[in-house]
Each structure stands twice: as C-alpha cells, then as structure tokens.
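> Below is the structure, and that's it, no one-letter string:
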C-alpha cells in the first residue's frame with residue numbers, strides 16, 4: 001500500500017458508496033455506517049497507525065488527505081471519519097501499551113467505530129469552560145461522573161475517548177455505549193451534520209479499568225502535547241474537502257455565467273491558489289507532528305486560516321451559483337452549512353484566535 005493507491009481507492013469508494021447518499025445524510029440524518037466500515041477495510045483510517053499496530057504507516061499527512069477525499073462529497077461524513085481518525089491518533093500516541101493493544105487495530109481497520117469526546121477538555125485547557133467529567137481513583141482504575149453535551153460518531157456499539165478531571169490533573173480513557181453507567185441522549189436538531197451520530201453523554205459511577213486508560217494523571221501534561229497538533233491538523237482535511245466541493249460548484253456556475261461572476265470578490269483561481277498554499281503547509285506541519293516535533297503555534301494559525309478560507313469558498317460558491325444556490329437541494333447551500341461547522345467545531349475560530357494571542361503574548 002502506498003499513498004497514491006490508497007487515495008485512489010478512497011476516491012473510488014466515495015464516488016460509488018458515499019456520493020449517492022449525500023442528500024439523505026444531509027436532509028434526513030442518515031449515518032453511513034456501511035461506508036465508514038468499508039473505508040476502514042481499505043485502509044482509510046490506517047495511516048495514523050504503524051503496520052505493527054494494525055495500520056499502514058503512511059502517516060498523518062496521508063490521513064488528512066483521506067479526510068479531504070471524503071469531504072469533497074460530504075463534509076458531515078468527513079467529520080465522522082475525522083472522529084475515527086482522531087481516536088486512532090490518541091491510541092497511536094498513548095504510553096499505555098495495554099489500551100493500544102486492546103483497541104487500536106480494530107479502529108484503524110474500521111472493525112470498531114470510534115469517536116472523540118475531547119471538545120470539553122480542549123476548551124477547558126484553553127480557559128473557556130469548566131471541565132464536565134470528574135474522576136476518582138479506586139482499586140484497579142477510576143470511577144467517572146458527569147455529562148457532556150455533544151460527542152460525535154458514537155452509538156451503543158461504538159467506543160470513544162474522554163478525559164475526566166482528578167485533582168489538579170486529568171485522566172484520559174476509552175469508554176463506550178455499552179459500559180455500565182453510560183447513557184446516550186439525543187441532541188437538539190442541528191442545521192447540518194445530523195448524520196454524524198452525535199449524542200449527549202451522561203456518566204454515572206462509570207468504572208474505567210487501568211487497561212482502558214490512555215493517559216494517567218501523571219502522564220497527561222506531556223501526553224496532551226503529543227496529540228494536540230495532530231488532532232487540529234486532521235480537521236483541515238474536512239475543510240479542504242468542503243473547499244474542493246465549493247470549487248466544483250464555482251466551476252460549473254462559470255460555464256454559463258463566467259462574465260458576471262468575474263465581479264465577485266473570490267474567484268475560482270484565487271481560492272484554488274490559497275487552498276494549494278495552505279495544503280502545502282498542512283503537509284509540512286503534519287510531517288512534524290507525525291515525527292513528534294509539532295509546531296503548535298503554526299498549527300493554530302493554519303487551522304484558523306483554514307476556517308476562514310472554507311467560509312469564503314462556500315459563500316463564494318453560493319454567490320457564483322446565484323438563485324440556484326439558494327435552493328434547499330443545492331449543494332452550494334449544503335456547503336455553506338458545512339463550512340460554518342468547520343469554523344465552529346472545537347477548536348472554533350474564536351478559540352483558535354484566543355490561543356494564538358496567548359502564545360504570541362508569552
């Protein structure tokens with residue numbers, strides 16, 4: 001398996017199995033479970049794991065490129081795939097071999113579907129909100145209590161990563177829908193991304209054995225530094241895919257209306273040039289993160305720029321399409337809603353700017 005072969009196979013699967021479902025995913029909240037499992041079976045989540053771990057070892061940059069291929073057709077499913085890849089990334093980096101051996105290979109291969117419940121933790125560490133899950137040390141592990149409002153790509157048969165506060169530190173662990181004391185509740189309806197299996201979570205005296213711990217409290221500070229850049233960079237794959245889809249809409253609109261569309265602020269060529277430049281930087285930063293030498297400030301700045309570019313590209317696609325782009329069935333209308341999500345999902349654009357300002361002031 002090499003990068004070109006993998007991306008070609010992903011593109012073929014997306015065209016054959018995902019493209020026909022896009023409207024059903026967007027309008028009716030269909031969760032494309034079969035596609036997710038097939039994507040895993042061909043190696044679509046395997047780049048963030050070594051061959052010894054059950055992956056293909058192609059690295060973080062390749063995983064981001066896979067998410068981009070998915071996002072070209074469906075931003076929602078690209079986000080679900082990001083959740084899966086992010087959970088695999090956490091386990092790839094864990095110092096606890098037991099939890100890696102127990103879960104990683106199945107996630108990399110799509111045999112088990114997985115989410116990432118880290119939004120609250122990431123915002124808490126940035127001083128934005130309190131930590132919602134609390135842990136206590138008990139014999140053989142931890143008990144966890146609390147609630148989280150939104151966790152995606154999860155279900156009764158899924159697993160996911162969470163962090164709970166314990167004293168002045170945190171413990172990060174794997175849990176799942178069938179764990180005793182875990183309850184999943186439906187969320188209010190979103191304007192997009194309904195097909196991502198997003199639930200609110202309640203934890204009532206949930207026991208987490210030591211073998212399911214990703215990072216113990218004494219390991220957490222060093223561990224979070226190893227995953228943060230990759231966690232953020234993987235999201236750029238979602239945005240890049242939405243931009244690709246928006247560029248396709250612009251290209252079609254210009255077949256008939258190129259003259260009048262030339263008066264719009266953002267053209268196909270300017271957006272494409274900005275995407276190409278950002279993508280080159282993404283691959284460079286991804287290689288640094290994969291080799292455990294991340295550049296966190298550059299990563300935050302790139303992720304913020306990706307949000308801004310995704311918003312600009314989607315809006316421009318709608319404007320290029322004109323009245324047709326305002327129809328509910330128009331892909332331009334869907335891309336606008338997907339782009340909003342790229343700028344809102346943790347770390348949101350305002351969160352990114354807060355962290356950037358803090359680092360630059362230090």
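On my side now, so go ahead. Since this is a predicted model, take the numbers as computed values, not measurements. Numbers count the residues shown, from 1 in each chain.
> Now do residue 155, the pLDDT please.
On pLDDT, residue 155 comes in at 86.
> ok, it touching residue 198?
No - contact criterion C-beta atoms under 8 Å: residue 155 and residue 198 do not qualify, at 10.2 Å. Where you see a C-beta, it was placed from the backbone N, CA and C, and this is true even at glycine.
> ok, those two, which is more surrounded?
Shown here are residue 155 and residue 198; by other C-beta atoms under 10 Å, residue 198 has more neighbours (23 against 17).
> Report how many residues lie close to the nearest residue to the more buried one once chain neighbours are set aside.
Leaving aside its sequence neighbours, residue 198 sits nearest to residue 152 (C-beta to C-beta, 6 or more residues apart in numbering; 4.3 Å). Neighbour count for residue 152, taken as other C-beta under 10 Å: 21.
> now swap in residue 8 and tell me
As a burial measure, residue 8 scores 12 neighbours (other C-beta under 10 Å).
> What of residue 348?
Residue 348: 18 neighbours (other C-beta under 10 Å).
> gap between it and residue 113?
25 Å (C-beta to C-beta, to the nearest Å).
> And for residue 280?
From residue 280 to residue 113 the distance is 32 Å (C-beta to C-beta).
> cool, and residue 66?
Distance from residue 66 to residue 113, by C-beta to C-beta: 16 Å.
> cool, and residue 234?
Taking C-beta to C-beta, one finds residue 234 at 16 Å from residue 113.
> Check residue 223 too.
For residue 223, the distance to residue 113 - C-beta to C-beta - is 24 Å.
> tell me the SS of the residue positioned nearest the centre of the chain?
In the chain, the residue lying closest to the centroid (C-alpha atoms, centre = their mean) is residue 82, at 3.2 Å. Secondary structure, DSSP: H, G, I helix; E, B strand; the rest coil: residue 82 is helix.
> Let me see the contact set for it.
Counting by C-beta atoms under 8 Å, 6 or more residues apart in numbering, residue 82 makes contact with 67, 234, 235, 237, 238.
> one step back: when residue 223 and residue 113 are compared, which one has more neighbours?
Taking other C-beta under 10 Å, residue 223 and residue 113 do not tie; residue 113 has more neighbours (25 against 20).
> Now do that one, the pLDDT please.
The model's pLDDT for residue 113 equals 97.
> Against residue 65, how distant is the closest residue to it other than its chain neighbours?
The shortest distance from residue 113 to any non-neighbouring residue, by C-beta to C-beta, 6+ apart, is to residue 158 (4.8 Å). Residue 158 sits 25 Å away from residue 65 when distances are taken as C-beta to C-beta.
> same check, this time on residue 51
Using C-beta to C-beta, residue 51 is found at 19 Å from residue 65.
> who's more crowded, these two?
Using other C-beta under 10 Å, the more surrounded residue of residue 51 and residue 65 is residue 65, with 23 against 11.
> Enumerate every residue touching that one.
Neighbour list for residue 65: 3, 7, 237 [criterion: C-beta under 8 Å, 6+ apart].
> mind redoing it with 6 Å?
If you count contacts by C-beta atoms under 6 Å, 6 or more residues apart in numbering, residue 65 has them with residue 7.
> Which element, helix or strand, includes it?
Assigned by DSSP states H and E, residue 65 falls within helix 60-71.
> what mean pLDDT would you report for that helix?
Mean predicted confidence for helix 60-71 is 98.
> how far is that helix from where the chain is centred?
10 Å (C-alpha atoms, centre = their mean, to the nearest Å).
> mind listing the helices for this protein?
Per DSSP state H, the chain carries helices over the ranges 3-13, 22-28, 33-41, 60-71, 75-93, 97-108, 119-125, 217-261, 268-290, 296-321, 331-344, 349-361.
> To residue 140, which of those lies closest?
With respect to residue 140, and counting by C-beta to C-beta, the nearest of the helices of the chain is helix 97-108 at 12.5 Å.
> Give the residue farthest from the middle of the protein.
Most peripheral residue of the chain (C-alpha atoms, centre = their mean): residue 259, 37.6 Å.
> I'd like the distance between that residue and residue 114.
Distance of residue 259 to residue 114, given as C-beta to C-beta: 49 Å.
> repeat for residue 130
For residue 130, the distance to residue 114 (C-beta to C-beta) stands at 26 Å.
> Settle it for me: which of the two has more neighbours?
Between residue 130 and residue 114, residue 114 has the larger neighbour count (other C-beta under 10 Å), namely 27 against 8.
> Tell me if I'm right that residue 325 and residue 318 touch.
Yes - taking contacts as C-beta atoms under 6 Å, residue 325 lies within contact range of residue 318: 4.0 Å.
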